[in-house]
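*Asks:* no FASTA, just this:
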């Protein structure tokens, strides 16, 4: 049986759209968001766009690869769910994209229990994981921190 956690991202009633944009301090970066739950993906896109980012959405690893082919030189960060349909996990997607851009910035997200087989959580580096559910300001904060940090070294 597949164990899941509620994956709805609910805005904090105390945070205004202006507060979200300030929390993110967005510049002009483009983020590829890979999330198989359409409603959640749309909400994430809306939050990131309200923070000033350009966002490209995909519902699976296959769709993400199609978007990547069109825009790879314009993608600054990948936000990907760890567990997705169509036979490609978030870790597999990252491996594939990093074979082309070794220092791609990545943030993984998941609402599944840490022990779900195939998620390869050991693959995830510190500071690159955001557990669902999360608040919009936390999403913007981790994105901004990742984009402002030094470019990660290429992985072997």
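*Replies:* Right, received. Where do you want to start? A quick note: this is a predicted structure, and the numbers were derived from the prediction, not measured.
*Asks:* and the nearest residue to residue 61 once chain neighbours are set aside, which of the three is it?
*Replies:* Closest residue to residue 61 apart from its sequence neighbours, by Cβ to Cβ, 6 or more residues apart in numbering: residue 88 at 3.0 Å. Bear in mind the C-beta positions are built from the backbone N, C-alpha and C, glycine included. Three-state call for residue 88 (DSSP: H, G, I helix; E, B strand; the rest coil): coil.
*Asks:* i'd like the first residue to be 742 from this point on
*Replies:* That works, and once the first residue is 742, the last one we named lands at residue 829.
*Asks:* who's in contact with residue 829?
*Replies:* Residue 829 makes contact with 801-803, according to Cβ atoms under 8 Å, 6 or more residues apart in numbering.
*Asks:* drop anything exposed from those residues.
*Replies:* Buried residues within the contacts of residue 829, counting neighbours by 16 or more other Cβ atoms under 10 Å: 801-802.
*Asks:* helices - which of the contacts of residue 829 land there?
*Replies:* Assigned to helices by DSSP state H, the following of these qualify: 802-803.
*Asks:* residue 884: which of the contacts of residue 829 is nearest?
*Replies:* Lowest distance from residue 884 to those (Cβ to Cβ) belongs to residue 802, with 20.4 Å.
*Asks:* residue ranges in this protein under the pLDDT threshold?
*Replies:* 742-768, 854-868, 893-897 (pLDDT under 70).
*Asks:* my read is that residue 830 contacts residue 824, right?
*Replies:* Yes - contact status for residue 830 versus residue 824: in contact at 6.5 Å, counting by Cβ atoms under 8 Å.
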